[in-house]
Structure formats: structure tokens, C-alpha cells
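**Q** this is a predicted model, with the sequence first.
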Amino acid sequence: MSKTSITSQLHGETITITADTNYGGAISIMNWTAANFVAAPAGAKGDNGQELQTAIHSQAYPGSWQSECYNPTEGGSYTDEGLSSSTEVVEMAGNENVLTNEANMDLYANPQSGSPNCPTPKNTTIMSDVVLQKTVTLGFNPNIPQAIEYQVSFTLTSDYAYPEVNSVEVIAWYFPNPNGVTFNTFLQNNPINGANTDVTANVETEGGNGLIQANYPVILSYANAEFAGAIYSPQVQALNNYNYDQFFYSSANDMHSTNKLGLAFYMNNLVIGQPYAFKFYLVIGSLADVNSGLAALIQAYPPPVPNISYPEYQYTFVDNVAIPNLYPANVGGPAATYSISPGLAANTG
């Protein structure tokens, strides 16, 4: 077992981030004051599918959502249980406030025994042939000490069996619940005015990116607002294939109960040998810290401007014939205001 930690300061208290080879180099500890912001229970009750990590869901069974049947997972396999990791850590280093590592990701389903969502695994070996690299930087912007820069890239090697992919969890951030500080309140942050809307009930019933504004960041907060965390990415674009996602999990085994924030990248086919790279930001602290951190990140690293279009450039409408529904697509950032020019003619019918 090997651990590597980096540190920085927020309000005179130390933020500590630790990557652990028992979890394939995934981040198993993110401490600030009295809270650990990552679910990674130690010992034989651990879950190497949690932590703070990257994973890929391949379509090993087309038309079936057996998402663990070819599921490269940074943290390790289902049977590792926090005691070790089947992911091969090639290199892991920490230099004051910068953590780097490279790993050959394993597959979550054990080829002999499978996993809960893959009773009949497709893989005959535990390794996935996916190379993952990441760089995590604390204090990258001295004006936003509560923000963490996270860069991750992965490459499928020539031996990768199922490039037909349902989704990539660019980052999957599992929070403690109910163990330790309970992160159980989901708040959707409006990047235009900074207002938060409690969407906990929506997440419990819908999960995923089913929220009305999937391109708006979601904060996961301790109920009394003493602790909170969020993800922000300028790359997230409305109605495109890159979204914030969030899930509420409840398990009969409390060690596996957790709530989750993430970034999901949806693509039908990944290209063998092509690196896929992403940069985004994590924000931790109190809820007030997270709110101010998101606002500062959005100002310093803004999303792209709105880019709104309709399926056709020009439409012809006929008197007394119903106009069909027309749905615009926005492949840019959120729109703060809009106007119509020239104005629409009054209905004289």
C-alpha cells in the first residue's frame, strides 16, 4: 500500500487530498476541518467503486443497461473491497500542492464472479487496457483557495474490447452518507444569478442528469451548510453530450450508502488510441465557501457564450395551419437574457 498527499490552506485550516494505491490511485481522502468529503471506507467493507475517480461504461451487452459488464474503473474491482486494487498504478507523486498519477485501469466486474450489475461478465481478464492520467492541483488560483483544479485524460489501447460506450464518468465524486458528515442536500446553482434551488427530491426520484437544467452545477451540502462540495466545468454545454450528473444511493449495507456528484460524457464510439482530456474544478468548504467559489470560477473561467440554433434556417407558416413545435438547441453556455428582433406581429386572427 502506498499513499500520496498534497495540502493547502482554507481559512487557516488545512485541506488534505490523498491518493491511495489500495484504491488504484483514486482519491480516498479529501479532508478539511472535521469533514472528509470522500466516501472510501477502510478495510474489508470498502467499495473500490466509490472514492473520487474516473470510470467508463461500455456497451458489452447492447440494449441492456448492465453497466458493470465492461466497466473500466480507476479505483479497482468489486472484489477488491478497499484492501487492495486490481488497477495497476504506474506512477503516483505528490509535490506540495500538485498530485499526479498514471494507471492502467482494471475492470469492475471480476471475470470469475462478476458484480451486482453484471452477473455474467464479458471480460476474461481483470485489466481493461485503458491508460488514465490525472493532475490535481490545490491552490492553483490564490484568489479561490476553496477551488481545486482537476485534469484527467484517458486513452483506449488497441486491445480494448468494447469501444461502443454508453457513458464516461469523467469524474465520479462519492460523498460520505451516512458515515461521518452526512452530505444529503442537493442544491442546483444558477450560474447567472448565483441562486441555489433545493433539488434533493428531484435527485432522489430522477437521478442522473434528469434535472431541468443539466448544464447548471449542483452542490451537495451537509444539511446545516457547514460543509459542501461542487463541480464546475466550463466545457459543459447545454443539450450536448457532456453534463453534470448526480445520484442518491441508499443501501441496506450502510457502508455502501452514498450520494454522488459527477461529470458524464456521452458518446457512442470512442476512438482507439485517441486521448480524451478534460479539465474542471472541484470546490469544497462551507456552503458559503462553495457559493462564492463557484461565482469566482465562473467569472475567471467562463463557459462559452450561448450558441442557439433551430433545425432549419428558414420556416414558412400557412394561415389557419397549426405551427409545429420548434425546439432550439444551445451548444454554448446558459443565456442570461434574450430578445426577439424584429418583434413578432400581433395576432390579428
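**A** Yep, that arrived.
**Q** now do the helices in the chain.
**A** Here the chain has its helices, by DSSP state H, at 200-205, 287-300.
**Q** where does the stretch 101-250 of the chain have low pLDDT?
**A** In the predicted model, the stretch 101-250 of the chain carries pLDDT under 70 at residues 166, 177-181, 205-214, 237-240, 250.
**Q** hang on, the earlier thing: lowest average pLDDT across the helices of the chain?
**A** Ranked by mean pLDDT, those end with helix 200-205 at the bottom, a mean of 79.
**Q** wait, Gly293 touches Gln146, no?
**A** Yes - with contact defined as Cβ atoms under 8 Å, Gly293 counts as touching Gln146 (4.3 Å). The C-beta positions use only the backbone N, C-alpha and C, and glycine is treated the same way.
**Q** overlap in contacts, those two.
**A** 283, 285 (Cβ atoms under 8 Å, 6 or more residues apart in numbering).
**Q** specify which residue of the two has the higher count of neighbours.
**A** Neighbours per residue (other Cβ atoms under 10 Å) separate Gly293 from Gln146, with Gln146 holding more: 29 against 25.
**Q** let's have the helices of the chain in CSV, adding distance to Pro311.
**A** Shown next, in CSV, are the helices of the chain (distance: least, Cβ to Cβ, whole Å):
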stretch, distance to Pro311
helix 200-205, 29
helix 287-300, 30
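**Q** could you identify which of the ones you listed is most buried?
**A** helix 287-300 (a mean of 19; mean count of other Cβ atoms under 10 Å).
**Q** put the alpha carbons of it into CSV.
**A** The C-alpha coordinates for helix 287-300 follow below in CSV (Å, rounded to 0.1, in the frame of the first residue of the first chain):
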residue,chain,number,x,y,z
LEU,A,287,-21.8,26.2,1.7
ALA,A,288,-20.9,29.9,1.7
ASP,A,289,-17.4,29.0,0.5
VAL,A,290,-18.8,26.8,-2.3
ASN,A,291,-21.2,29.5,-3.4
SER,A,292,-18.5,32.2,-3.6
GLY,A,293,-16.1,29.7,-5.1
LEU,A,294,-18.5,28.8,-8.0
ALA,A,295,-19.1,32.5,-8.6
ALA,A,296,-15.4,33.3,-8.7
LEU,A,297,-14.7,30.3,-11.0
ILE,A,298,-17.5,31.2,-13.4
GLN,A,299,-16.1,34.8,-13.6
ALA,A,300,-12.5,33.7,-14.0
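**Q** what's it packed up against?
**A** On a contact count with 3 or more Cβ pairs under 8 Å, 6 or more residues apart in numbering; DSSP states H and E, helix 287-300 meets strand 147-156, strand 183-189, strand 218-222, strand 228-232, strand 276-285.
**Q** contacting residues around the residue nearest the centre of the chain?
**A** The chain has Gly262 as the residue nearest its centroid, 2.0 Å off, counting by Cα atoms, centre = their mean. For Gly262, the contact set (Cβ under 8 Å, 6+ apart) comprises 169-173, 231, 244-247.
**Q** can I get those in CSV including neighbour count and distance to Ile298?
**A** Output for the contacts of Gly262, formatted as CSV (neighbours: other Cβ atoms under 10 Å; distance: Cβ to Cβ, whole Å):
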residue, neighbour count, distance to Ile298
Glu169, 20, 23
Val170, 26, 19
Ile171, 23, 18
Ala172, 23, 23
Trp173, 28, 19
Ile231, 25, 13
Tyr244, 25, 14
Asp245, 22, 19
Gln246, 28, 19
Phe247, 17, 24
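**Q** and these, which two are furthest apart?
**A** Spatially, the most separated pair among those is Val170 and Phe247, at 14.9 Å (Cβ to Cβ).
**Q** all strands for the stretch 101-250 of the chain, in order.
**A** In the stretch 101-250 of the chain, the strands defined using DSSP state E, counting those that start in this stretch lie at 127-138, 147-156, 165-176, 183-189, 196-198, 218-222, 228-232, 242-249.
**Q** which of those sits most buried?
**A** Of all the strands of the stretch 101-250 of the chain, strand 228-232 carries the top mean neighbour count, a mean of 26, counting by mean count of other Cβ under 10 Å.
**Q** which helices and strands sit right next to that strand?
**A** Under the contact criterion of 3+ Cβ pairs under 8 Å, 6+ apart, strand 228-232 touches strand 165-176, strand 183-189, strand 218-222, strand 258-265, strand 276-285, helix 287-300.
**Q** out of those, which is closest to Val131?
**A** For the helices and strands packed on strand 228-232, proximity to Val131 was assessed by Cβ to Cβ; strand 276-285 is nearest, at 11.1 Å.
**Q** hmm, Tyr150 and Phe140 touching each other?
**A** No - Phe140 is beyond contact range of Tyr150, at 9.8 Å (criterion: Cβ under 8 Å).
**Q** just give me the neighbour total for Gly82.
**A** Count around Gly82 with other Cβ under 10 Å applied: 23.
**Q** check contacts around Phe227.
**A** 32-33, 35, 37, 181, 183, 221, 284-287.
**Q** how close does it get to Pro176?
**A** Separation of Phe227 from Pro176 (Cβ to Cβ, to the nearest Å): 10 Å.
**Q** shared neighbours of these two, anything?
**A** Shared contacts of Phe227 and Pro176 (Cβ under 8 Å, 6+ apart): 37, 183.
**Q** roughly how far does the nearest residue in space to Gly194 that is not next to it in sequence sit from Ile27?
**A** Take Gly194 and drop its neighbours on the chain: the residue closest to it by Cβ to Cβ, 6 or more residues apart in numbering is Ala295, 5.4 Å away. When distance is defined by Cβ to Cβ, Ala295 is 25 Å away from Ile27.
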